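J.: Quick one, fold the following:
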Amino acid sequence: MRMTTGLWIASIVLVPCRASSQIYPFLKSVDINSVVTYDESKSLYLYSYKMQSSPINIGSIQKLEIDISRDDGSKTLDTSGLRFDSQFEWNNFHERFPQLSKGMVPVGIPLLPGKEWIGMVTNRYSVSISADSAFVGPGKSVRSIVITSKGLPSIRACIVAPNFQDDLLFPNIEDTSSNAMTTAQMDSIREAVNYHGWTIGPTAPPLNFDASIWVDTVLSYIHRSHELGWINNERDDDAEQDERKEAGVVRNLEKRLTQVRDLIDSGKIDAAKKSLEMFLDKVEKLRKRQKREEDKNRKSPKIIFTSEAYALLKYNGEYLLDHLKEEDHGRHDKKEKQDEK
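T.: Next up, the predicted model:
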């Protein structure tokens, strides 16, 4: 599945100017943790976020913006069951979504950190969570940011922006001297102080589901999760008999999914389901292993398998398993009808 992003990431080059000695509120590093749970009764995924601002940051966090754009070839997801923290969030969503629905995954915003925070969907096909006060300073953290959606967990671009006061950081806009800053220079600085990263957010699955292609999507999540530090290629102590412990967690996860795809391509759906269930069982064991590590070493636990990796592989793997069960059920129904004839 192709992933698109409405929040493009680019390197910013600052043009020297009179105010170049100014200390701008750069966000050099922000740790964004995402935990996803599923409410089966409402068919909704709950995405919970915590932001930890590094002590090396100069600025204070004011806003988190997450890409929720939707591909043309993906399903249109309904809005039933979405809840909102206040009347403001409800009004914003219902006013904007009709114009944005073709390019955006619908989300609810049921919980925010406090009255100082607001949430809204934007014309950039993103969800924006921002504060008008009580900003998150260097070394501080904020949690209780929750969005809900019927969209499956995916890797999403995000931007964290600092509190930026133009009137204090930029020269008078009426300054027409040769040393005055241009609008382009100001925009460049505003962009450069932001932190660009990746997190977990909702995406719409393809309209025309192909099981083999979906396996490739989940395989890509393993690869990217390893790159992003969400999965460490630790020795796989939970390896099955057909796996090697020394091959490592990443390799054995990839090997199991590749086996699932080969079985699907061979038309062996029952065997594919069993292999996929083994994959999902390993995902659960890895998450429990990570939690044991966190309980043992609360201050600086070793990263084995984060909540982000767990959300990607568990829920997208279960989505594939549900489709395989439906396909198998349809195949048996067809056979029974042929036998009756």
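J.: Look at residue 114 and say how many residues are nearby.
T.: When neighbours are counted by other CB atoms under 10 Å, residue 114 registers 10. For the C-beta atoms, the positions are set from N, CA and C on the backbone; glycine is no exception.
J.: do residue 242 as well
T.: Residue 242 - counted by other CB under 10 Å - has 11 other residues nearby.
J.: residues contacting residue 36?
T.: By CB atoms under 8 Å, 6 or more residues apart in numbering, the contact list for residue 36 reads 45-48, 153, 200, 307, 310-311, 315.
J.: how about 7 Å then?
T.: 45-47, 153, 200, 311, 315 (CB atoms under 7 Å, 6 or more residues apart in numbering).
J.: would you list these in TSV and tack on secondary structure, distance to residue 224 and pLDDT?
T.: Conversion of the contacts of residue 36 to TSV gives the following (DSSP: H, G, I helix; E, B strand; the rest coil; distance: CB to CB, whole Å; pLDDT from 0 to 100):
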residue	secondary structure	distance to residue 224	pLDDT
45	strand	19	98
46	strand	22	98
47	strand	18	98
153	strand	12	98
200	strand	11	98
311	helix	13	98
315	helix	16	98
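J.: Most neighbours out of the residues you listed, which is it?
T.: residue 200 (31 neighbours).
J.: Contact partners for the closest residue in space to that residue that isn't next to it in sequence?
T.: With CB to CB, 6 or more residues apart in numbering as the criterion, residue 200 has its nearest non-adjacent residue at 4.1 Å, and that residue is residue 34. The contact partners of residue 34, taken as CB under 7 Å, 6+ apart, are 47-49, 199-200, 307-308.
J.: quick one: the helices in the stretch 151-300 of the chain?
T.: 166-169, 183-192, 211-227, 249-265, 269-296 (DSSP state H, counting those that start in this stretch).
J.: In CSV, list these along with mean pLDDT.
T.: Shown next, in CSV, are the helices of the stretch 151-300 of the chain (pLDDT from 0 to 100):
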stretch, mean pLDDT
helix 166-169, 84
helix 183-192, 90
helix 211-227, 97
helix 249-265, 97
helix 269-296, 96
